[in-house]
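Visitor: the sequence isn't on hand, but the structure is:
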C-alpha cells in the first residue's frame, strides 16, 4: 500500500478526504500543505520542528498514533486552543496504520 | 553611526555566507541580529541537530555549520550588532539606507540584505480578546525589570521553564504570585517544578490548575483577570498579568517597511537578483518568497551569491566585475591574509 485515506477538516469546517502517500516520508503537516488545505504561511511555520504549533490538529478517530515526543509535549503545553486530542501534524508521519484517520485543524493562533 | 557596504539583517547561515561572497567582491558587511549570538535558528534552536543536505557535508551539526561559516568569513572581518532588532529603515536622498535598531544603534549602507529567516522570535500572545488594550499598562510578555513587580500582585500564566523560573524569582519580590496553567503537569526543569511545589507548600506561590485566563480586567491599569477553571469562572485581582508562553517566529518590524509581503514572506525578483520592491533592499534565504521557493540553507547560499553580484553593480555602477573562481583568484581577506593555489614551478633542465 502506498496511499491511505485521511479525512482532514480544514479551519472553515470543510472535510476533505484525501489520499496520503505512505512511501514519501511525509508527515501530516506536509500533507495538509501539499493539498493546500490551509493558506501558505499559516501552517508548518517552523518547518516541522515542533516549534510553533501552527499545525496543531485534533484527532477525531480512535487510531493508535505514535506517542508524543518531549518536544511535542512541551510545545502543546504552551500552545493555545489545546484539547485532550491535540497533536502536532508535523510529528505524525504518514503510516499505513493511519488509514481512515480523521483530524480537524486547530484554529490559527 | 556604523557604516558598511552591505548591511545584513539576520546572522543565520545565509546572512553569514553573504559576508564571504561580498568579501570576494571587496565589499564590507555588517550584521544585525536580535539574538545574542550569530547562527540564527541553527545556534539558538537546534545546534545539536544534524543537517544532511549541505553539499560536501554528509552530516554536519547545525552548531558546527555555524562555527565553520564563522571561520570561513573571518578574513572579511564583518561587524556585528547582536542582541538588537532592526526596527526602522530610512531611505536617504542618495539612495542609501539608515537602519536603526530597537536600542537606537544606527547603521548606514548603500545596500540592505534581509536574511531574517523565519523572522524575529516574538512572545506568543494568548488568544484573550481584549489583551492588546492592556499591553504596557499591566500586561507584559517579557520581564525586563523585576523591580516593576516589587510589592505588587502578579499573575503569571504558562507551564514552561520561563513561567516556572519567573514565578520562583518573583516570589521574593512581589507581594503575591499566582501561577495559572492549563494542565496540572509542568514541562519545565525538574528542579524548577520542585521549587514551585515547595513555594506553594509554604504559601508563597498560589497555583491555579488546570485553568486558563480568559479575560483581563481594569481601566487605566490592569486590576485583575478572569480565570476559567473547569465549568467555573471567577475573577482574581492583580496589578500585573504576565503571560509566558514562549516565543514564536514573526516577521516583526520588517513587515512595516513597505516591502511587498506574500504569505508572511518578502516577495523578491528571483529571475534576477532577489531584490525586493524597494531598490537597494534585497531579501535572501527563508525570509523571501518567489515561485518555486524552497526554504533550504543551500538555496539561501545560492541566493546570497547572486545578490552580492547585483549589490556590487548597485554600489559601483560604472565598474565592471567579472566573476572569478576562488581556485583562480584565491581569497584575499581584509585582514591582509591571502589564500591562493600554489604556483606551478617552472624550471629549465640543463
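Guide: Here it is on my side, so go on. This is a predicted model, so every value here is computed, not measured.
Visitor: next one, pLDDT for the spatially closest residue to residue A:64 that is not a sequence neighbour please.
Guide: Closest residue in space to residue A:64, ignoring its immediate chain neighbours: residue A:97 at 7.2 Å, by Cβ to Cβ, 6 or more residues apart in numbering or on different chains. (Each C-beta comes from the backbone N, C-alpha and C, glycine too.) Residue A:97 carries a pLDDT score of 93 in this model.
Visitor: surely residue A:97 forms part of a helix?
Guide: Yes: judged by DSSP: H, G, I helix; E, B strand; the rest coil, residue A:97 forms part of a helix.
Visitor: please report the distance of it from residue A:37.
Guide: 22 Å (Cβ to Cβ, to the nearest Å).
Visitor: go ahead and confirm residue B:240 touches residue B:157.
Guide: No: assessed by Cβ atoms under 8 Å, residue B:240 is found out of contact with residue B:157, at 11.4 Å.
Visitor: ranges for the helices of the chain?
Guide: Since no chain was named, I'll use chain A. For chain A, applying DSSP state H gives helices covering A:28-34, A:70-78.
Visitor: that answer is for a different chain, and I need it for chain B
Guide: Under the criterion DSSP H, chain B contains helices at B:13-24, B:40-44, B:62-73, B:161-170, B:190-201, B:297-315, B:326-329.
Visitor: strands along the stretch 51-200 of chain B, start to end?
Guide: B:60-61, B:79-82, B:86-91, B:97-101, B:106-109, B:111-114, B:120-123, B:153-157, B:176-180 (DSSP state E, counting those that start in this stretch).
Visitor: out of these, deepest packed?
Guide: A comparison of the strands of the stretch 51-200 of chain B by mean neighbour count, using mean count of other Cβ atoms under 10 Å in any protein chain shown, puts strand B:111-114 on top with a mean of 28.
Visitor: name the helices or strands packed onto it?
Guide: When contacts are defined as 3 or more Cβ pairs under 8 Å, 6 or more residues apart in numbering or on different chains; DSSP states H and E, strand B:111-114 packs onto strand B:6-9, strand B:97-101, strand B:281-283, helix B:297-315.
Visitor: quick check, stretch B:134-145 touching chain A?
Guide: No: under the criterion of Cβ under 8 Å from any Cβ of the partner chain, chain A is not reached by stretch B:134-145; the shortest gap measures 12.7 Å.
Visitor: show the end-to-end separation of that stretch, please.
Guide: End-to-end distance for stretch B:134-145, by Cα to Cα, to the nearest Å: 18 Å.
Visitor: list the buried ones in it?
Guide: Under the neighbour-count criterion of 16 or more other Cβ atoms under 10 Å in any protein chain shown, stretch B:134-145 has B:134, B:138-141, B:143 buried.
Visitor: if I pick residue B:143, what's in contact with it?
Guide: Contact partners of residue B:143, counting by Cβ atoms under 8 Å, 6 or more residues apart in numbering or on different chains, are B:149, B:166, B:242.
Visitor: which of those residues has the most neighbours?
Guide: When neighbours are counted by other Cβ atoms under 10 Å in any protein chain shown, residue B:242 leads the contacts of residue B:143 with 24 neighbours.
Visitor: check contacts around it.
Guide: B:139-141, B:143, B:154-157, B:166.
Visitor: specify which member of those is nearest to residue B:322.
Guide: Set against residue B:322, the nearest of the contacts of residue B:242 by Cβ to Cβ is residue B:141 (51.2 Å).
Visitor: turn the contacts of residue B:242 into CSV, including pLDDT.
Guide: What follows is those, written out as CSV (pLDDT from 0 to 100):
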residue, pLDDT
B:139, 96
B:140, 94
B:141, 91
B:143, 87
B:154, 98
B:155, 98
B:156, 97
B:157, 96
B:166, 94
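Visitor: the nearest residue to residue B:296 once chain neighbours are set aside: neighbour count?
Guide: In this structure, residue B:296 finds its nearest non-sequential neighbour in residue B:53, 6.7 Å apart by Cβ to Cβ, 6+ apart. The local packing of residue B:53 (other Cβ under 10 Å) involves 11 other residues.
Visitor: please report how far residue B:53 lies from residue B:301.
Guide: Residue B:53 is 11 Å from residue B:301, by Cβ to Cβ.
Visitor: residue A:49 now?
Guide: For residue A:49, the distance to residue B:301 - Cβ to Cβ - is 20 Å.
Visitor: and these two? Which one has more around it.
Guide: residue B:301 (21 against 16).
Visitor: residues touching the more buried one, list them.
Guide: B:13-14, B:17.
Visitor: kindly report the same for residue B:53.
Guide: B:296-298.
Visitor: need the buried ones from these selected in ChimeraX.
Guide: Buried members of the contacts of residue B:53, defined by 16+ other Cβ under 10 Å, are picked up in ChimeraX with:
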select /B:297
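Visitor: including pLDDT and distance to residue B:58, could the contacts of residue B:53 go into CSV?
Guide: CSV is the format used below for the contacts of residue B:53 (pLDDT from 0 to 100; distance: Cβ to Cβ, whole Å):
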residue, pLDDT, distance to residue B:58
B:296, 93, 16
B:297, 95, 15
B:298, 96, 14
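Visitor: low-confidence regions, chain A specifically.
Guide: A:1 (pLDDT under 70).
Visitor: for it, which residue gets nearest to chain B?
Guide: Going by Cβ to the nearest Cβ, chain B is nearest to residue A:41 of chain A, at 3.6 Å.
Visitor: surely that residue is in contact with residue B:266?
Guide: No: using Cβ under 8 Å, residue A:41 is not in contact with residue B:266; the gap is 11.7 Å.
Visitor: fine by me, thanks again.
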